[in-house]
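Engineer: 3D, please:
(one chain, ligands or ions: 1)
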Amino acid sequence: MTRLSVIGTGYLGTTHAACMASLGHEVAAFDVDAERIKALSSGNLPFYEPGLAELLRAGLETGKLKFVTDLSEAMSGSNIHFLCVGTPQADKTGKSDLSQIEQAISSMVHFLKPGDTIVGKSTVPVGTAKTIREFLEINFQSEVKLVWNPEFLREGLAVKDTLHPDRIVLGVKNKEDSKVIEQVYQATIKEGTPVIVTDFATAELVKSAANAFLATKISFINAFSDLCDSVGADITTLADAIGYDSRIGRKFLNAGIGFGGGCLPKDIRSLKSRADELGLSAQFKFLDEVDEINQTRRTKVLQLAIEQLGNISNKQIAILGASFKPNSDDIRDSPALTIATELHKLGAKVKVHDPVAIPAVNRYFPELGTSLTIEEAFEDADLILHLTEWTEYQAIDPIHLRNLVKSPLIIDGRNVLEPASWVSAGWKIIYLGKPSS
Ligand code: UDX
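Structural biologist: Coordinates of the predicted model:
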C-alpha cells in the first residue's frame, strides 16, 4: 500500500482521501481551513454524502486517514500528492478562478522531493496542466512528475463513483509517468475499469466535454419540454421513446427545472470562456444557449405560479426541496432556491422544506422561511412547488395533506409525482412539458 497526500478537503478531496484510505492506502489530507480539519479529524463530515461518514470514521479508527493543517506534515511521508482544490467561477465571463491551484502549487514547491508525482484532480481549463508541468520543470527539471486525472464523481453517489468509476483518465507527458498512479488505483483497475492514458490537454478536455454533453442533454430535453407544452404533448413519454435508441440513451433526459450545483453550470461557462480565448466562439456558442435554456426553466416556474395565483404577494407557498439534487445538502446554484428567493422578493410567504439542506438554507438564505416537517410546510399553503426529487416526496400521502392546505395545487418541477393518487385526492397537479392533471 502507498502513502498519499491529498491537498484540499472540499467535496472532492474529502471523498478522495476517505476512499483511498478504504482501499488500504495511508492518507494525509491537508487544508488551510483549520476548522474543517478539526471537524474531519473528529469524524464529522461538513457536508451530507451517503456512505462517506462511515468511510471517514473507519479511516480515522484504523489510523489510515489523518487530516492536517501542516502541508509539510502531509507531504513528507508521501511521494504522491493529489491536488483537489476548488476552481470556482471567477467572474461573469465564466472564466475559472485558478488562485487556489496557484496557491497550492507555490506552497507545495517547498516540500516536493525528487521522485514525487503531483496528481491533478481539480477541474481546470485546458492548458492548465501544461503550465503547471512547465513550472515544475523550471524548478525541479524532470524530477517531479505531473499526472492529470480528472474526477467524474456525482454528488450523492460520490463514494461509488470514486471507488468504481466508469473510467480512469490519466493525462501525462511521458507514458511511464502514469504507472505509479495505476498502482494506487490497482483495486479499481482489477475490476475491469478502463484506463485511458493520454496527453494533458486531452485529459482536461475529457472532463469539460463530459460535463458539456450532460448539460446539453438536459437543455435539449427542456427545450422539447416547452415544445410539448405548446402542442399538448408529453415530454416524459417522448424521452422514454427516444431513450430506447441506444445511440441516444434515456439518462439525463429528465425534463424539469434544469441543472444546478457546483459543477455543470460553472464548467460549461469555463469551457465557453476558454473556447473564446482560443478563437472558437462560434463553435461553442451553443453552450450559451444551453445555459440560457437552463436559466429560463427557473423563470418558467415563477410564471406558472403567477398564472395560477394571480398576485403572489402574501400568498403562502411551500417549496419541497432546496438542494440542487436529491441525496445532497449542496445548495450551490440550486434551481429550487433561485425560485424560492424570487417568490420571496415578489412578496410570497415561502416555506422551504428539505430532508437535509435546511441548515444550509438558514445560513445562506436567512430571509426564507423553512419547515422541519412536510406537514408544517403544507399548512395553509396556496401552492406547493415540488423542486428537488427526494424519494420522500414521492411517498407523500396526498389525501392526508389535502386537509392541511388552503388550495390543493401543486407544480411538479421534476415531473416525477404520480398523477393518479394526487388527482383522486382532489389536487390539481401541473407538470413541465406534459399535460396537467
Ligand atoms: C456532475 C457530473 O454528473 C459529474 O460527472 C461531475 O463530476 C460533476 O458534475 P453533479 O453536479 O453531482 O455531477 O450532479 P448531476 O447528477 O450531474 O446533476 C446535475 C444537475 O442536473 C442536477 O441539478 C440535476 O437535478 C439535473 N438533472 C440531471 C436534470 O435536470 N435532468 C436530468 O436528466 C439529470
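Engineer: who in this structure is up against the ligand?
Structural biologist: Taking C-beta under 6 Å from any ligand atom as the contact definition, the chain meets the ligand at 151-155, 211, 214, 218, 252-254, 256, 258-261, 263-264, 324-325. For the C-beta atoms, the positions are set from N, CA and C on the backbone; glycine is no exception.
Engineer: Show the buried residues in those residues.
Structural biologist: Neighbour-count burial (16 or more other C-beta atoms under 10 Å) applied to the residues of the chain next to the ligand gives 151-153, 155, 211, 214, 218, 252-254, 256, 258-261, 263-264, 324-325.
Engineer: Narrow these to those in helices?
Structural biologist: With helices taken from DSSP state H, the overlap with those comprises Asn211, Leu214, Ile218, Leu264.
Engineer: Among those residues, give me the pair with the biggest separation.
Structural biologist: The span of those, defined through C-beta to C-beta, is set by Asn211 and Ile218 at 10.9 Å.
Engineer: where do the contact lists of these two overlap?
Structural biologist: Counting by C-beta atoms under 8 Å, 6 or more residues apart in numbering, the contacts common to Asn211 and Ile218 are Leu264.
Engineer: Helix, strand, or coil at Ser208?
Structural biologist: With DSSP: H, G, I helix; E, B strand; the rest coil as the basis, Ser208 sits in helix.
Engineer: Relative to Tyr11, how far out is it?
Structural biologist: 19 Å (C-beta to C-beta, to the nearest Å).
Engineer: cool, and Lys345?
Structural biologist: Taking C-beta to C-beta as the criterion, Lys345 is separated from Tyr11 by 30 Å.
Engineer: neighbour count winner among the two?
Structural biologist: Per other C-beta atoms under 10 Å, whichever of Lys345 and Tyr11 has more neighbours is Tyr11, with 23 against 11.
Engineer: Give me the spatial nearest neighbour of Asn309, chain neighbours excluded.
Structural biologist: Rather than Asn, residue 309 is Leu. For Leu309, ignoring the flanking residues on the chain, the nearest one in space by C-beta to C-beta, 6 or more residues apart in numbering is Lys315 at 5.1 Å.
Engineer: Let me know how buried the one you found is, in neighbour terms.
Structural biologist: Counted with other C-beta under 10 Å, residues neighbouring Lys315 total 22.
Engineer: Arg57: neighbour count?
Structural biologist: 16.
Engineer: Okay, the closest residue to it other than its chain neighbours and Asn211: tell me how far apart.
Structural biologist: Nearest in space to Arg57, with sequence neighbours left out and distances taken as C-beta to C-beta, 6+ apart, is Gly43 at 4.5 Å. With the distance defined as C-beta to C-beta, Gly43 ends up 32 Å from Asn211.
Engineer: which residues in the stretch 51-200 of the chain form helices?
Structural biologist: Here the stretch 51-200 of the chain has its helices, by DSSP state H, counting those that start in this stretch, at 52-62, 71-76, 99-108, 128-140, 158-163, 179-184, 186-190, 200-231.
Engineer: thinking Glu392 is in contact with Thr373, fair?
Structural biologist: No: here Glu392 does not reach Thr373: they are 10.9 Å apart, not a contact under C-beta atoms under 8 Å.
Engineer: Name the residue in these two with the higher neighbour count.
Structural biologist: Glu392 (12 against 9).
Engineer: In contact with that one, which residues are there?
Structural biologist: Neighbour list for Glu392: Pro355, Ile374 [criterion: C-beta under 8 Å, 6+ apart].
Engineer: In three-state terms, label it for me.
Structural biologist: With three-state DSSP as the basis, Glu392 sits in helix.
Engineer: ok so, going back, torsion angles phi and psi at the residue nearest to Arg57?
Structural biologist: Note on Gly43: backbone dihedrals following degrees, to the nearest 10 are phi 80, psi 20.
Engineer: Show me where the stretch 201-350 of the chain has its strands.
Structural biologist: For the stretch 201-350 of the chain, applying DSSP state E, counting those that start in this stretch gives strands covering 316-320, 349-353.
Engineer: Format those strands as TSV; extra columns: mean neighbour count and mean pLDDT.
Structural biologist: Listed next are the strands of the stretch 201-350 of the chain as TSV, based on neighbours: other C-beta atoms under 10 Å; pLDDT from 0 to 100:
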stretch	mean neighbour count	mean pLDDT
strand 316-320	27	98
strand 349-353	23	98
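Engineer: circling back: what about the helices of the stretch 51-200 of the chain, which gets the closest to Asp276?
Structural biologist: The nearest among the helices of the stretch 51-200 of the chain, by C-beta to C-beta, is helix 200-231 at 13.6 Å.
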